[in-house]
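K.L.:
what follows is a predicted protein model with its sequence.
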Amino acid sequence: MEHSQNHKILLARMDKAFGNYSYEAEKLSVLLAETDPSSWTSYHEILKQRAAEAAAYEQYRKIQDELFTLIHPPKPEERRESSVS
């Protein structure tokens, strides 16, 4: 039961982290599309948003990796015949 609860908590955290990453990626996309990078202020805003997007992505991947440590392949004796040819 504890394994299942940890799994659910990590899934919820991963979903939230992915939402945050998507939000930061969208903000970066808008900046890239609408900003004139010839201005130092605009250039720094783009770099700042790029860093925010990268940090959000790393958080998402960290949680995803943690979740995958809970997933183990079935034992060979539990493996069913595949219907894929």
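P.N.:
Received, thanks. All of these numbers come straight from a predicted model, not from anything done at the bench. Numbering: from 1, shown residues only.

K.L.:
residues contacting Q64?
P.N.:
M14 (CB atoms under 8 Å, 6 or more residues apart in numbering). The way it works is simple: take the backbone N, C-alpha and C, and place the C-beta from them, glycine included.

K.L.:
what's the distance between it and K27?
P.N.:
From Q64 over to K27 the distance is 21 Å, taken as CB to CB, to the nearest Å.

K.L.:
ditto for E58
P.N.:
Counting by CB to CB, the gap from E58 to K27 is 16 Å.

K.L.:
higher neighbour count, those two?
P.N.:
K27 (15 against 12; other CB atoms under 10 Å).

K.L.:
my read: the more buried one touches Q49, true?
P.N.:
Yes. Between K27 and Q49 there is a contact at 5.6 Å, judged by CB atoms under 8 Å.

K.L.:
in the strand or helix carrying N20, what's buried?
P.N.:
Under the criterion of DSSP states H and E, N20 resides in helix 2-34. For helix 2-34, the neighbour count (16 or more other CB atoms under 10 Å) marks L10, R13, M14, A17, F18, N20, Y21, E24, A25, L28, L31 as buried.

K.L.:
tabulate those residues (a markdown table), appending distance to F68 and pLDDT.
P.N.:
Shown next, in a markdown table, are the buried residues of helix 2-34 (distance: CB to CB, whole Å; pLDDT from 0 to 100):
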| residue | distance to F68 | pLDDT |
| --- | --- | --- |
| L10 | 9 | 91 |
| R13 | 13 | 96 |
| M14 | 10 | 95 |
| A17 | 14 | 97 |
| F18 | 15 | 97 |
| N20 | 19 | 98 |
| Y21 | 17 | 98 |
| E24 | 23 | 98 |
| A25 | 22 | 97 |
| L28 | 26 | 96 |
| L31 | 32 | 93 |
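
K.L.:
just checking, what packs against the helix holding N20?
P.N.:
helix 40-68 (3 or more CB pairs under 8 Å, 6 or more residues apart in numbering; DSSP states H and E).

K.L.:
if I take the helix it packs on and helix 2-34, what angle do their directions form?
P.N.:
160 degrees (axes from the mean of the first three to the mean of the last three CA atoms, to 10 degrees).
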